[in-house]
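S.K.: When you get a sec, could you give me coordinates for this:
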Amino acid sequence: MWDVKALSGRCEAFGGVFRFFVHPGTCDGENRKLYPIRIIKEHIPKALIPYFLNYEELLPEREWCAEWKNDPSHVVPHNSGSIVLYAANNYNLFFNFTHMRPEWRIGNMKTDPIEELIRRVMDEDIPALREARIITLGELVSKYGDPSSEKAFEKEDYQMYLLNTHLEKLNENRA
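M.R.: Numbers count the residues shown, from 1 in each chain. Below you'll find the model as predicted:
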């Protein structure tokens, strides 16, 4: 086991701060496959709670479902401040909101005009965000939420899980 005090001292020696935390992880990308075994808040060992990032903000899925079942708002991630993009090895661009799936694709740096890529970035105009502006949080919960689940989520992680589930279902229906 690591000696936390020794690690803290090493970081302090060069002016840094040692931070150690545990996190349930987001529920997008490859982590979506972990939904069936997602942690339940009551199962977190008491010894880890002081290190659990945003522990107080974790709620069971059922509580989020109850809170949002009639919510008319929309889950539309957007850039605030700096714009961060992912560039894939095939030159496709994606916002740094979630995973790199077709519905989140901005365009391709080799094949799309630069002016159009800039417009899509500035206007946040991609298929996923257009759909996010249409479906409400309440609709997402009624379609994809599990009102009996004890799985623990932070607010933004669960909202993104619901939105991505919706987008994936739309793609399946179009195929």
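S.K.: As a check, name the ranges of all strands in the protein.
M.R.: Counting by DSSP state E, the chain has strands at residues 59-60, 85-87, 92-95, 105-108, 152-153.
S.K.: Between those, which one is closest to Leu137.
M.R.: Checking these against Leu137 by C-beta to C-beta gives strand 152-153 as the closest, at 13.6 Å. Quick note: C-beta positions are derived from backbone N, CA and C, even for glycine.
S.K.: Against which helices or strands is the closest one packed?
M.R.: Packing partners of strand 152-153 (3 or more C-beta pairs under 8 Å, 6 or more residues apart in numbering; DSSP states H and E): strand 59-60, helix 61-68.
S.K.: Out of the strands of the chain, which one sits most buried?
M.R.: Greatest average neighbour count among these goes to strand 152-153 (a mean of 24), per mean count of other C-beta atoms under 10 Å.
S.K.: for the protein, what spans make up the helices?
M.R.: Remark: helices assigned in the chain by DSSP state H are 4-13, 61-68, 114-123, 127-132, 137-144, 155-174.
S.K.: how about those helices, which one is nearest Lys46?
M.R.: Lys46 lies closest, by C-beta to C-beta, to one member of the helices of the chain: helix 4-13, at 17.0 Å.
S.K.: residues in contact with that closest one?
M.R.: Val17, Phe18, Phe20 (C-beta atoms under 8 Å, 6 or more residues apart in numbering).
S.K.: could I get the residues you listed as a markdown table with pLDDT, distance to Thr111 and neighbour count?
M.R.: Shown next, in a markdown table, are these (pLDDT from 0 to 100; distance: C-beta to C-beta, whole Å; neighbours: other C-beta atoms under 10 Å):
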| residue | pLDDT | distance to Thr111 | neighbour count |
| --- | --- | --- | --- |
| Val17 | 81 | 44 | 7 |
| Phe18 | 76 | 45 | 14 |
| Phe20 | 71 | 44 | 11 |
